[in-house]
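*Asks:* Next one to model:
(2 chains)
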Amino acid sequence: MNELILEQKIDPDFKNFFKFIKNKDIKLAIVSDGFDFYINKILKKYDICDIECYCNKMEYHPDGLKIKFTYQNPRCDICGCCKSMVVNKYLSKNKKVVFIGDSYGDSYAVRISDVVFAKDKLSKFCKKNDITHVEYNNFADILSHLKKMDFSDRFEFINNRKCIMIDE
Amino acid sequence: MKDNFKDQYVILTDFDKTISINDVGALILEKFAEPG
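*Replies:* Alright, predicted model coming up:
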């Protein structure tokens, strides 16, 4: 299994994106319905550290593997890690949330996020449900958008939530 | 970028098929999960 994990590749532009975020001292966190054991190994392989990770946990015990759904919503058992709960955590601290995702598992989170970057199934979901989003293919696209972000004139907030990128 | 960006914003990103090219969780399940 270790071999399979370590042969995995990441988006070639993620490191540039990460460097940019880190230089700007902007908080970045991973929200995933996957497991810590492979996420941490892959990030470490690329020398990426200091990212908070909201994901499911797998622990080795003498009597076998134990799975922990640390971020499951107690009122809902659809996802192991409730991404909308994580978004809400930051919204309640008066933060604006930029969400990056690709799948239906992100569909609850994007409904309440301020800025959404979506691709694949998530982009289709956003279009179908009229959720304002920026379509992306890779982290180079996201980085390019973030570099252009000037909140005085390029972004317009509706009800202090949805964000529209002007001149798109 | 404005200086207050860091205090105002948090970026949350998915991992599988977003940071990683593949859906690693699905690959592991496919290869190692026991039937049933």
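
*Asks:* Please identify the residues of chain B in proximity to chain A?
*Replies:* B:1-2, B:5-6, B:8-22, B:24-25, B:27-28, B:31-32 (C-beta under 8 Å from any C-beta of the partner chain). Every C-beta, even on glycine, is put in place using the N, C-alpha and C of the backbone.

*Asks:* Separate out the buried members of the residues you listed.
*Replies:* Buried members of the residues of chain B next to chain A, counted by 16 or more other C-beta atoms under 10 Å in any protein chain shown: B:5, B:9-20, B:24-25, B:27-28.

*Asks:* Which of the residues you listed fall within strands?
*Replies:* B:9-13 (DSSP state E).

*Asks:* Using JSON lines, lay out the residues you listed together with pLDDT.
*Replies:* JSON lines is the format used below for those (pLDDT from 0 to 100):
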{"residue": "B:9", "pLDDT": "87"}
{"residue": "B:10", "pLDDT": "93"}
{"residue": "B:11", "pLDDT": "95"}
{"residue": "B:12", "pLDDT": "97"}
{"residue": "B:13", "pLDDT": "98"}
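
*Asks:* In the chain, which residue is most central in space?
*Replies:* Reading this off chain A. residue A:100 (4.5 Å; C-alpha atoms, centre = their mean).

*Asks:* my bad, chain B
*Replies:* Closest-to-mean residue, chain B, C-alpha atoms, centre = their mean: residue B:15 / 0.8 Å.
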